[in-house]
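**Student:** Fold the following, please.
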Amino acid sequence: MLLPMVICAQQVDIESRYKQIDKAIAEFPRYVAQREAKITAARNAFEQSSGQQKYEESYRLYELYRPFVSDSAIYFLRQCIDIAEQQSDHNGSVRCRSQLAIRCSNIGLYDEALNILDSIRLGSGLDKLVLGTYYEAYNNVYGELSYYTRLDDMRQLYQRKEQYYKQLMFEHLPATSESCFLRREQAAQAEGKLKEAMAINDEWMKTVEPGSHPYALTALYRYIEYKLQGDSTQMLYWLTESVLADIRNAAMDQGSMWELANELMLSGDVDRASRYISYTSDCANRYGSRQRNWQIAPLLTHIANEYKSQSERTTSQLWGTLIVISILALLLLGALFFVHRRNSQLHAARNDLKTSNDELASANRLLATQKDELSQLNSKLSTLNSQLSESNRVKEEYIGRFMSLCSQYIDKLDNYRKMVNKKMKNKELDELFQISKSTELKEKELEELYENFDTVFLHLFPNFIDDFNALLQPEMQIHPKEENRLTTDIRIFALVRLGFEDSSKIAEFLHYSVNTIYNYRARIKNGALGNREQFENRVKTL
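**Tutor:** Okay, here's the model as predicted:
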């Protein structure tokens, strides 16, 4: 089942995937109606049932409501608990209380989740799967608490408890359950074992039906796998697979759509990101999850700020146009005034003095304007002179090094020629063929080129690494292992500092793909202090 999907992902047109999503969103009311029809049928069966069948119908309603409406899902879980306790079904009661705790922790009700779990008395004779669900609930709530707390000591405490209950959960739940697959894959990702994580996802994918709601979660984690590998095509394919499965199953609790909106925002597609985040925000409100709203709120704010920036730029352009029009209007009025004044001179000599005074006042205003313009021009010239001086210094340094390298390369080429001539003369053609096949010379020369670049750059900008790290968040700062050498990340932004803004030019110099350079730049900018959109402009001033 996976091989055709992988081939499809490699050949996919991402734009066509977005059109499928837009179409699915337009048809979303129909998908909602289909789920509501199933719920109505299940409600009728629930009302007409009794005893154990009523418990089963109530649990079926919980399953239908679980991704649809949080409050209703919780209501029918409570119905299950009441029915189980009336029938002295301890297994059913513990199972549903544990599921209720999971639902509460998933929507951000952590205190309620812990209170529910603390109220459970396990006793003896509990089913192994029920115990596994109980431990899963504890693992889930402590995992959520460790992720969202801002206190380091509490995070460590929550993480220890999360690991403790995860181990117990693994001992009681089947290895092929969704909960076990999810946590095993998360652990492999956290440890950087990407091949192992992908193998787990392959196993998990075999257990779900394509297009189903469980498939949406599996596809979402497959997206994360490819994102960690830097494969943007496969990454977006599996993310859109997850989004489409959520929409077509009328799921209101949608993590994949939020991720897609975020990816679109990072790529600059603000309009589509806004449409998608508005859609998933509406779904989150209908579902009733404050946790999902917490996740969506920062992206909504970011999109709003982006629109505000665009609006400010448009307003600025309008003001500029208005000023130009105003100046032209003033010039026109001045011309009309001048014509009128000249006509007045012809008709009445007594107006000569008044006209002269008006001309003098106009000349004074013009002189003041020219003086201001001259002052601004001098300021710009001073800035340009400073930039030109630095540019000359950089140019002289690099020209000197370039001439030296050219001389060295001439010597190297001559030595290479002599070596080839000697081996051809001695008929050592096999050895010469092996030498020509090897890329060692290219790699050595590239390394020497980068070393020369690093040396010259750090000679020109000795404090660049420290100043660059000062623009980044502490956890994103980069410290080269070798003295007087740059890492690939810093070397990219060193080229930006020298005026290379085009990713294709940087990729050509560093022998990387354009996509790789784009990902490097995006990742570093995401770790910037302050406004990430101004990060590269700030680098240019270092």
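
**Student:** Report the rounded mean pLDDT for the host helix or strand of D202.
**Tutor:** Per DSSP states H and E: D202 is located in helix 194-206. Per-residue pLDDT values across helix 194-206 average out to 95.

**Student:** For the spatially closest residue to R532 that is not a sequence neighbour, give me the pLDDT.
**Tutor:** Once flanking residues are discounted, R532 sits nearest to K525: 4.5 Å by Cβ to Cβ, 6 or more residues apart in numbering. Where C-beta positions appear, they are placed from N, C-alpha and C, glycine not excepted. As predicted, K525 sits at a pLDDT of 88.

**Student:** Surely K525 and R538 touch.
**Tutor:** No - judged on Cβ atoms under 8 Å, K525 makes no contact with R538 at a distance of 10.7 Å.

**Student:** which one of these two has more residues nearby?
**Tutor:** A direct count of neighbours by other Cβ atoms under 10 Å for K525 and R538 places K525 higher, at 20 against 16.

**Student:** Now do N469: how many residues are near it, please.
**Tutor:** N469: 15 surrounding residues under other Cβ under 10 Å.

**Student:** Same question for the one 5 residues further on.
**Tutor:** If you count neighbours by other Cβ under 10 Å, P474 ends up with 8.

**Student:** just to revisit the earlier point, what is the next helix or strand after the helix holding D202 packed up against?
**Tutor:** On the C-terminal side of helix 194-206, the closest following helix or strand by DSSP H and E is helix 213-229. Using 3 or more Cβ pairs under 8 Å, 6 or more residues apart in numbering; DSSP states H and E as the contact criterion, the elements in contact with helix 213-229 are helix 178-190, helix 194-206, helix 232-248, helix 255-266.

**Student:** Could you check the angle helix 213-229 makes with helix 232-248?
**Tutor:** Orientation note: helix 213-229 sits at an angle of 160 degrees relative to helix 232-248 (axes from the mean of the first three to the mean of the last three Cα atoms, to 10 degrees).

**Student:** coming back round to it: for the helix holding D202, list the C-alpha coordinates in PDB.
**Tutor:** Extracted in PDB, the C-alpha atoms of helix 194-206 (Å, rounded to 0.1, in the frame of the first residue of the first chain):
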ATOM      1  CA  LEU A 194      14.800   9.200  11.600                       C
ATOM      2  CA  LYS A 195      15.100   5.800   9.900                       C
ATOM      3  CA  GLU A 196      13.700   4.000  12.900                       C
ATOM      4  CA  ALA A 197      10.900   6.600  13.100                       C
ATOM      5  CA  MET A 198      10.000   6.100   9.500                       C
ATOM      6  CA  ALA A 199      10.000   2.300   9.900                       C
ATOM      7  CA  ILE A 200       7.500   2.700  12.800                       C
ATOM      8  CA  ASN A 201       5.300   4.900  10.600                       C
ATOM      9  CA  ASP A 202       5.400   2.300   7.800                       C
ATOM     10  CA  GLU A 203       4.100  -0.300  10.300                       C
ATOM     11  CA  TRP A 204       1.500   2.100  11.600                       C
ATOM     12  CA  MET A 205       0.300   3.000   8.100                       C
ATOM     13  CA  LYS A 206      -0.400  -0.700   7.300                       C
END
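
**Student:** What lies in contact with that helix?
**Tutor:** Applying Cβ atoms under 8 Å, 6 or more residues apart in numbering, the contact partners of helix 194-206 are 1-2, 176, 178, 181-182, 184-185, 188-189, 218, 221-222, 225, 228-229.

**Student:** thought R66 was touching Y75?
**Tutor:** No - using Cβ under 8 Å, R66 is not in contact with Y75; the gap is 11.7 Å.

**Student:** out of these two, which sits in the busier spot?
**Tutor:** Legend: neighbour count by other Cβ under 10 Å for R66 and Y75, higher for R66 (22 against 14).

**Student:** ok, the more buried one - contacts?
**Tutor:** Counting by Cβ under 8 Å, 6+ apart, R66 touches A73, R103.

**Student:** how far away is it from G143?
**Tutor:** R66 sits 19 Å away from G143, going by Cβ to Cβ, to the nearest Å.

**Student:** next one: K54
**Tutor:** Going from K54 to G143 by Cβ to Cβ gives 33 Å.
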